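[1] for reference, the sequence and a predicted model appear below.
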Amino acid sequence: MRIAYLSASGQLGGAETCLLDMLASLRAATADWPLLLVSAADGPLLARAQALGVSVAVVPFPAAVARLGEAGTTQAGSPARFAARVGLAVGPIAGYTSALRAALARFGPDLVHTNGLKMHLLGAYAADAPVVWHVHDYLAARRVSRRLLRWNAGRCAAVIANSESVAHDVRAALGSGVEVTRMYNAVDLERFRPTGDALDLDRLSGMDAPPPGTIRVGLVGTFARWKGHETFLRAVAALRFSTPVRAYIVGGPVYQTDNSQYAVDELRATANRLGVASSVGFTGIVDRADAALRALDVVVHASTSPEPFGLVIAEAMACGRAIVVSHAGGAAELVTGGVDALAHEPGDAEGLAAAIRELATDPARRAALGRAARRTAEARFDRARLAGELIKIYESVGPRLPAVALDEHR
């Protein structure tokens, strides 16, 4: 079977990392299938895909298309302004769709799997094969995108949602005309494991090592404004006189969409305003998320809006870290509070601070949560299962496939 994957980004955000995990699982199960990744921009995603034996191509977004997005348009009147910007970009969108159609025609896919809201719509018009939309985000808050996707749902053969929470949202947004299947994201349990090398987060942050006994607490992720960086910094400020912690913000802005992300200078200014600049390290984007997680005693997930899935949660659990989770959306499906993680309400800096304090002052509690987290990751997030789940979906919409022997223990 020939499958083309469409990605709106060449960087390694959560959706792109999940795409790589799918490609790795499929490649291990079906070594002879031709796979093509078409990205709207160059970046580390393509090199990682090539290393898996996947062909790659870049069909770059025009600037007007790259900047389109509703993630930063929640204030009054913004949906209308976004719709107007979509209207002004009709010419570049049409040109891009033609270029994408030509790239796909050269490959001749039996099925097209799209990653990202822009690619769902563009792929629906560019592909001459069945299209599977892989939805990693809620649609309810994206009024214009939701309407466009609903209008074009007839061009989609199937939808994959990364959590039950997202699946429910997608069904409500698109109606009953398209099949929606929940497929949890996964991680490489060999790479993300409790033992192994760890990054020197202090060196990456340009800081001296903290005093012995300091607990390292970190938020790992992109700089999307809803990821809770400010909540995390306010929690650190609440701890600064009572608990010996050093905080780390690991990551950076990776997308091109206007107004959707913090700049690092904004977060540094917030840390300075809160009086914790000397206690917070900014590492920048790191190549080794597993090594960054192993450098932390406590991993914080602080999203202020419901998280569609929360890949860093699964990765931290696989690394056996004690984790504090913002308990809403898909993230709430991944953990059992008090068993393999602690939970706090989204945006509640005081509640987050209390959970960090509990873990920072109780090493036995940290260790027990970390062991339970690893067990959960082994049971639920092994990426070897992805191939079987994907093939079942692909068979439902594409050509019938020959039997594939899947090693469930791989």
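    Received it, and whenever you're ready, just let me know what you need.
[2] flag the shaky bits of the stretch 301-410 of the chain, pLDDT-wise.
    399-410 (pLDDT under 70).
[3] strands along that one, start to end?
    Per DSSP state E, counting those that start in this stretch, the stretch 301-410 of the chain carries strands over the ranges 322-326, 342-344.
[4] sheet partners, orientation included, of the shortest one?
    Based on DSSP bridges, the pairing partners of strand 342-344 within the sheet are strand 322-326 (parallel).
[5] distance between the partner strand and the chain's centre?
    In this view, strand 322-326 has its centroid 16 Å away from the chain centroid, taken as C-alpha atoms, centre = their mean, to the nearest Å.
[6] apart from its neighbours in sequence, what residue is nearest residue 357?
    Residue nearest to residue 357 in three dimensions, not counting chain neighbours: residue 243, with 5.2 Å by C-beta to C-beta, 6 or more residues apart in numbering. Where you see a C-beta, it was placed from the backbone N, CA and C, and this is true even at glycine.
[7] oh, I was asking about residue 186
    Leaving aside its chain neighbours, residue 186 sits nearest to residue 383 (3.6 Å; criterion: C-beta to C-beta, 6+ apart).
[8] and the one you found, how many neighbours does it have?
    Residue 383 has 23 neighbours, counted by other C-beta atoms under 10 Å.
[9] picking up where we left off before, winner for burial among the strands of the stretch 301-410 of the chain?
    Of all the strands of the stretch 301-410 of the chain, strand 322-326 carries the top mean neighbour count, a mean of 29, counting by mean count of other C-beta atoms under 10 Å.
[10] alpha carbons of that strand, as PDB, please.
    Provided in PDB are the C-alpha atoms of strand 322-326 (Å, rounded to 0.1, in the frame of the first residue of the first chain):
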ATOM      1  CA  ALA A 322       6.700  12.000  39.000                       C
ATOM      2  CA  ILE A 323       4.400  14.200  37.100                       C
ATOM      3  CA  VAL A 324       1.700  16.800  37.900                       C
ATOM      4  CA  VAL A 325      -1.000  17.000  35.300                       C
ATOM      5  CA  SER A 326      -3.600  19.700  34.400                       C
END
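[11] neighbouring contacts of it?
    Identification of contacts with strand 322-326 by C-beta atoms under 8 Å, 6 or more residues apart in numbering yields 228, 297-304, 307, 310, 313, 316-317, 331-332, 334-335, 337, 341-346, 352, 355-356, 359, 365-367, 369-370, 373.
[12] likewise for stretch 227-236?
    Outside stretch 227-236, the residues that reach it (C-beta under 8 Å, 6+ apart) are 217, 219, 221, 223, 245, 247, 249, 262, 267, 270-271, 274, 276, 279-280, 300-304, 326, 346-350, 352-353, 356.
[13] least trustworthy helix or strand in this structure by mean pLDDT?
    helix 78-88 (a mean of 70; mean pLDDT, DSSP states H and E).
[14] wait, residue 61 touches residue 38, no?
    No - because the distance of 11.5 Å does not satisfy C-beta atoms under 8 Å, residue 61 is recorded as not touching residue 38.
[15] quick one, phi psi at residue 263?
    Backbone torsions for residue 263, taken as degrees, to the nearest 10, come to phi -90, psi 150.
[16] nearest residue to it in space, please, no chain neighbours.
    residue 253 (6.8 Å).
[17] mind checking how far that neighbour is from residue 47?
    20 Å (C-beta to C-beta, to the nearest Å).
[18] the more surrounded of the two?
    Remark: of residue 253 and residue 47, residue 253 carries more neighbours, 17 against 11, as counted by other C-beta under 10 Å.
[19] measure the more buried one to residue 306 for me?
    The value you get for residue 253 to residue 306, if C-beta to C-beta is used, is 22 Å.
[20] one more: residue 236?
    Noted for residue 236: a distance of 23 Å to residue 306, by C-beta to C-beta.
[21] when the two are compared, which one has more neighbours?
    Legend: neighbour count by other C-beta under 10 Å for residue 236 and residue 306, higher for residue 236 (27 against 22).
[22] surely that one is in a helix?
    Yes - counting by DSSP: H, G, I helix; E, B strand; the rest coil, one finds residue 236 located in a helix.
[23] which pLDDT value goes with it?
    Predicted confidence (pLDDT) for residue 236: 98.
[24] what number of residues lie near residue 87?
    As a burial measure, residue 87 scores 9 neighbours (other C-beta under 10 Å).
[25] then residue 40?
    24.
[26] might one say that residue 183 is in contact with residue 161?
    Yes - between residue 183 and residue 161 a contact is recorded at 7.3 Å, counting by C-beta under 8 Å.
[27] between these two, which one's more packed in?
    Per other C-beta under 10 Å, whichever of residue 183 and residue 161 has more neighbours is residue 161, with 26 against 19.
[28] ok, back up a step: got the strands of the stretch 301-410 of the chain as CSV, with distance to residue 149 columns?
    Shown next, in CSV, are the strands of the stretch 301-410 of the chain (distance: least, C-beta to C-beta, whole Å):
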stretch, distance to residue 149
strand 322-326, 26
strand 342-344, 31
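[29] for residue 25, which of these is the nearest?
    strand 322-326 (24.0 Å; C-beta to C-beta).
[30] any weak-confidence spans in the stretch 1-150 of the chain?
    71-79, 82, 88.
[31] can you give me the helices in it?
    14-29, 44-51, 63-66, 78-88, 90-107, 117-126, 143-151 (DSSP state H, counting those that start in this stretch).
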